[in-house]
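In: sharing a sequence plus its predicted fold:
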Amino acid sequence: MANISKKNRRKEKEILNAAKNRRELIAAQLSRRDMIRLGLLTSAGFLIPKNGLSARAPQFGGGGFGGNCFNFYGRGGTPVSPPTTPFVEALPIMPVHQPVTQFTGPPPTANPNTAINPATGLPYEGRTRPHQAFTQFPAQKLYEVHQQQALVSVHPQLPTQTLWSFNGSVPAPTYVAHYGEPILVRNYNNLPANNGGFGIQSVSTHLHNGHTPSESDGFPCDFFAVGQYYDQHYPNVLAGFSSTNPPDGDIRESMSTLWYHDHRVDFTSQNVYKGLAGFFLLFNQFDTGNEATGFRLPTYPDFDIPMIFGDRLFDPTTGLLAFDLANRDGILGDKFLVNGKIQPFFQVKRRRYRFRWLNGGPSRFYKFYITNPNNLSQTNNFWVIGNDGNLLPNPVQVSGVEIAVAERMDVIVDFSAFAAGTVLRLENRLEQCDGAGPSNNIVPAGQGNQVLEFRVVSDSVTDGSVNPATNPHFYDVPPRTTTQKCRQFKFDRRNGQWVINDEFFDCNDVRFRVKRNTAETWNLEGGFNWEHPVHIHFEEHQIVSRNRNTPTAIERGRKDVVRLGENDDVELFFRFRDFVGRYPMHCHNVIHEDHAMMLRFDIDDVGDSNEGCDSNHHH
Amino acid sequence: MANVKRRELLGKFAARQQSAFVAPPTEQEARNATQARYFPNVELTTHEGKTVRFYDDLIKDKIVVVNFMYAQCEGICPGITANLLKVQKILGDRVGRDIFMYSITLKPEEDSPKDLKHYVEMHRVKPGWRFLTGKPDEIDMLRRKLGFSDGNPKLDKDKSNHIGMIRYGNEPRQWWAMCPGQAHAEWIVESIRWMDGPKAQHPQTGSRIGRDAKSRA
């Protein structure tokens, strides 16, 4: 032993140190991305030879999370979730909400029910402001919904998940609503005491993008507690009914595909990730749900299928849904769910279908193509008929369509060209390695995320729906008018947090006031290196220009989510009609939203004197 | 400890794969998983020279407010410290009793407990709000786990422009969120008050301090 030289002793100490450091690294459960950030790991996966670290990569059994890159060229991106076999379960179709003839509790009133419930010590109802249009639009249907825990299977190879649901269903039940038929929803909070690690049991449900009075819109600070309910009044009326187009509103403002989800300040990402989201469909005399009438869009529900996409992470050791609380940029999941199941399949007949595609987040941008796995070079075009739930003037044929978080794309896919037995995949080919935005590389067919398998079946079938190739006309875009005000908004990053015009969200801070029944120009600017899907509540906007260019055909209609790319400069036309109150504008990458990329504005009958556009933007 | 836990869980998971239906994790199991992931039990030293364990002594069973700073910071820290002083003033003697404020240094090599004590005295920080330092690599690991790092390594190295958010939470209820350190002090207080429990989850009881909406126009 005495012969061991100093050099050997130092080497021995280094080996011991290396082992100790590796143990600590493993115990620290740093994700692969953390390790790269810390300068400990090369992108090839080797530990950088540093004092006390060996050149062999450590065994990461468990691990942290972070933005795993699904780099489809195979350079990196180790999945975190346990493996699951794709296309083993059928696509679920969410149940339809059924109305009740009367409430089990007290009948609804314009004023909130502020009587104290002795069981909770709180008012029965969480609402704090009266329904402004209660008598003008008396509810013709009543709905009760309970936010509650649900035990859900997302895949047979994963354990049962404990999620949060509306009425036990994840995703939530679908509302089937009609213009001219106001409804009232009594929304109960029955969430459980144990949140399993993330989520908060106070909620505020937002109908995205209803033309809804503020007190029913799910404002971020209108959250209510367990044991309370909150009545939400949805007039289901066209914008302009009391202003530009009395008495029934502007038919060109019709919306078709909406969704609803939690919007509780600071915890939106956690609560929505946990399951609190669903569809709200609006039908009228044109979008009838019956392909023999109106615009003759495929019949609902057999050939009109809502699909909500969500990418999620599951703990590698327990297989349970995991949320990265430390992530401020955006969570990228490595499991792709459609209607709550990982990579399901869907049988289709050889005819046209209407799909209502919704990116439910939390952060990823998608670009969907229809890929033939047995013929990767085949281009399978389809038709976009609606953007953000608004039917376009005419269908637009595409080979692929982008969807940012909260955007909806109504599409028509014609399967009649495919022989029975054909298998097709709905494939996301937009590469994204960073929660804050996609790389904008489109990967080759077959190398993307195949989220759903279509199986063409041989049933003979009739198709009475309109053929988009005949260029049917849906709604005109409402004409733009001169605007009374111009406002400018810069979406950026400040000290690791997300800001709009250099400020953070504060429920009590009214950033500006819009005068009811006026029109405004809003200029939105993206910051460096990030991409933000920006959502403004209450009214649809029109994109006047994007970087001084006219928008593409798909973006020439009305929208409620505008994608703001790096350094993008977008001019929007807005009207603010009929109702008053507080509303937010925010980034719908819900991680950004929760790290303060939101602002409050109020609509009232006074407006303000702020005028915030510089000379580069016209009025 | 984390390795033992993982073996246990691996065993459990293997069993779960056979059964389609399993009981959801208990509150304690979930708390343990959260602690393992985000709150390493590293040893820190307070500005009063006391040694504490991060999870056991500072986080467990508490409502907490955590931010990062350093004594010589001339960028955003003064503004955030000023805000937090207002927060401490509004919350009064709750701070240190049932709400716990912690500021952790980003420069442990520079900020000794004595330096932090000097900072505390200079800014007239009242008791109940502790400033902490520790071993540099453990502090760095702590800030990453708590969500105070930047994805861009260049930006992350620049301490003068560090993450300005405040992490607030209720450990037993497992409510964890962040709010901006440069927000209005009243907004920070309101967010902290939501952590008081179910009754505070209604806008009109407890959490609002009676402040009317402030308009810019």
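Out: Happy to help now that I have it. Numbers count the residues shown, from 1 in each chain, chains lettered A, B, ... in the order given.
In: tell me the pLDDT of residue 62.
Out: All of this is about chain A. What the model reports for A:Gly62 is a pLDDT of 21.
In: hm, I was asking about chain B
Out: Reported pLDDT for B:Lys62: 96.
In: what about it, how many neighbours?
Out: 17 (other Cβ atoms under 10 Å in any protein chain shown). Just so you know, the C-beta spots here come from the backbone N, C-alpha and C atoms, and that holds for glycine as well.
In: does it touch B:Phe100 like I think?
Out: Yes. Using Cβ atoms under 8 Å, B:Lys62 is in contact with B:Phe100, at 5.1 Å.
In: so where is the chain shaky, pLDDT-wise?
Out: You didn't say which chain, so I picked chain A. A:1-78, A:615-619 (pLDDT under 70).
In: other chain: chain B
Out: Ranges of chain B meeting pLDDT under 70: B:1-23, B:201-217.
In: wait, a strand at A:Arg364?
Out: No. Counting by DSSP: H, G, I helix; E, B strand; the rest coil, A:Arg364 is not found in a strand; it is coil.
In: find the nearest non-adjacent residue to it, please.
Out: Of all residues not flanking A:Arg364 in the chain, A:Asp311 sits nearest, at 5.1 Å (Cβ to Cβ, 6 or more residues apart in numbering or on different chains).
In: SS state for that neighbour?
Out: Going by three-state DSSP: A:Asp311 is strand.
In: residues in contact with it?
Out: Residues near A:Asp311 by Cβ atoms under 8 Å, 6 or more residues apart in numbering or on different chains: A:Leu332, A:Gly333, A:Asp334, A:Lys335, A:Phe336, A:Leu337, A:Pro362, A:Arg364, A:Asn449.
In: quick check: A:Ser465 vs chain B, distance?
Out: 39 Å (Cβ to the nearest Cβ, to the nearest Å).
In: thought that residue was touching A:Gly294?
Out: No. Taking contacts as Cβ under 8 Å, A:Ser465 lies outside contact range of A:Gly294: 11.0 Å.
In: out of the two, which sits in the busier spot?
Out: Neighbours per residue, other Cβ under 10 Å: of A:Ser465 and A:Gly294, the larger number sits with A:Ser465, 22 against 16.
In: now the closest residue to A:Arg328 other than its chain neighbours. Its backbone dihedrals?
Out: Counting by Cβ to Cβ, 6+ apart, A:His595 is the residue found nearest to A:Arg328 once chain neighbours are left out, at 4.8 Å. Dihedral pair for A:His595: phi -110, psi 40, per degrees, to the nearest 10.
In: tell me which helix or strand the residue most central in space within chain B sits in.
Out: Centroid-nearest residue in chain B, with Cα atoms, centre = their mean: B:Val66, separated by 2.7 Å. B:Val66 belongs to strand B:63-69 when elements are defined using DSSP states H and E.
In: sheet partners, orientation included, of that strand?
Out: Partner strands and pairing direction for strand B:63-69 (DSSP bridges) are strand B:99-105 (parallel), strand B:165-170 (antiparallel).
In: just the CA trace of the longest one, in CSV.
Out: Think strand B:99-105. Provided in CSV are the C-alpha atoms of strand B:99-105 (Å, rounded to 0.1, in the frame of the first residue of the first chain):
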residue,chain,number,x,y,z
ILE,B,99,-46.1,32.4,5.6
PHE,B,100,-42.4,32.0,5.0
MET,B,101,-40.3,34.2,2.8
TYR,B,102,-36.9,33.1,1.5
SER,B,103,-34.4,34.9,-0.7
ILE,B,104,-31.6,32.7,-2.0
THR,B,105,-28.3,34.1,-3.3
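In: one step back: the residue nearest to A:Arg364 and chain B: what is the separation?
Out: 18 Å.
In: A:Ala110 too?
Out: Distance, A:Ala110 to chain B, using Cβ to the nearest Cβ: 18 Å.
In: my read is that that residue contacts A:Phe137, right?
Out: No. Here A:Ala110 lies out of contact with A:Phe137, judged by Cβ under 8 Å, at a distance of 11.3 Å.
In: more neighbours, the two?
Out: Remark: of A:Ala110 and A:Phe137, A:Phe137 carries more neighbours, 20 against 12, as counted by other Cβ under 10 Å.
In: pretty sure that one sits in a helix.
Out: No. Assignment of A:Phe137 by three-state DSSP gives coil, placing it outside any helix.
In: I'd like the distance between it and A:Val80.
Out: Per Cβ to Cβ, to the nearest Å, A:Phe137 is found 48 Å from A:Val80.
In: quick revisit: does the residue nearest to A:Arg328 touch A:Arg494 like I think?
Out: No. Between A:His595 and A:Arg494 there is no contact under Cβ under 8 Å: 10.6 Å.
In: may I have the strands that pair with whichever strand or helix holds A:Val401, each with its orientation?
Out: If you go by DSSP H and E, A:Val401 is part of strand A:400-403. Sheet pairing for strand A:400-403, assigned by DSSP bridges, gives strand A:366-371 (antiparallel).
In: now for the helix or strand following the strand it pairs with, which elements pack on it?
Out: Per DSSP H and E, the first helix or strand lying C-terminal to strand A:366-371 is strand A:382-387. In terms of contacts (3 or more Cβ pairs under 8 Å, 6 or more residues apart in numbering or on different chains; DSSP states H and E), strand A:382-387 is packed against strand A:390-398, strand A:408-414.
In: out of those strands, deepest packed?
Out: Compared across these, strand A:408-414 shows the largest average neighbour count, a mean of 24 (mean count of other Cβ atoms under 10 Å in any protein chain shown).
In: now it: how far from the chain's centre is it?
Out: 17 Å (Cα atoms, centre = their mean, to the nearest Å).
In: kindly report the same for stretch A:115-125.
Out: 33 Å.
In: buried residues, it. List them.
Out: A:Leu122, A:Pro123, A:Tyr124, A:Glu125 (16 or more other Cβ atoms under 10 Å in any protein chain shown).
In: ok, residues contacting that stretch?
Out: With Cβ under 8 Å, 6+ apart, stretch A:115-125 has contacts from A:105-106, A:112-114, A:224-231, B:198-199, B:202, B:204-205.
In: wait, A:Glu453 sits on A:Ile342?
Out: No. Using Cβ under 8 Å, A:Glu453 is not in contact with A:Ile342, being 11.9 Å away.
In: of the two, who's got more company?
Out: Taking other Cβ under 10 Å, A:Glu453 and A:Ile342 do not tie; A:Ile342 has more neighbours (26 against 19).
In: quick one: contacts for the more buried one?
Out: A:Thr84, A:Pro86, A:Glu89, A:Val154, A:His155, A:Leu158, A:Lys335, A:Phe336.
In: list the contacts for A:Phe418?
Out: Contacts of A:Phe418 (Cβ under 8 Å, 6+ apart): A:Arg350, A:Leu424, A:Val456.
In: among those residues, which ones are in helices?
Out: Of the contacts of A:Phe418, none are assigned to helices by DSSP state H.
In: switch these over to CSV; also include neighbour count and distance to chain B.
Out: Shown next, in CSV, are the contacts of A:Phe418 (neighbours: other Cβ atoms under 10 Å in any protein chain shown; distance: Cβ to the nearest Cβ, whole Å):
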residue, neighbour count, distance to chain B
A:Arg350, 19, 35
A:Leu424, 24, 29
A:Val456, 19, 30
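In: got the phi and psi for A:Gln450?
Out: According to degrees, to the nearest 10, A:Gln450 has phi -90, psi 100.
In: all helices for the chain, in order.
Out: No chain in the question, so chain A it is. Using DSSP H, helices in chain A cover A:6-28, A:32-37, A:268-273, A:590-594.
In: let's do chain B instead
Out: Going by DSSP H, chain B shows helices at B:2-18, B:27-38, B:77-91, B:113-123, B:136-145, B:153-157, B:185-193.
In: comparing these, which comes out most buried?
Out: Among those, the stretch with the highest mean neighbour count (mean count of other Cβ under 10 Å) is helix B:185-193, at a mean of 22.
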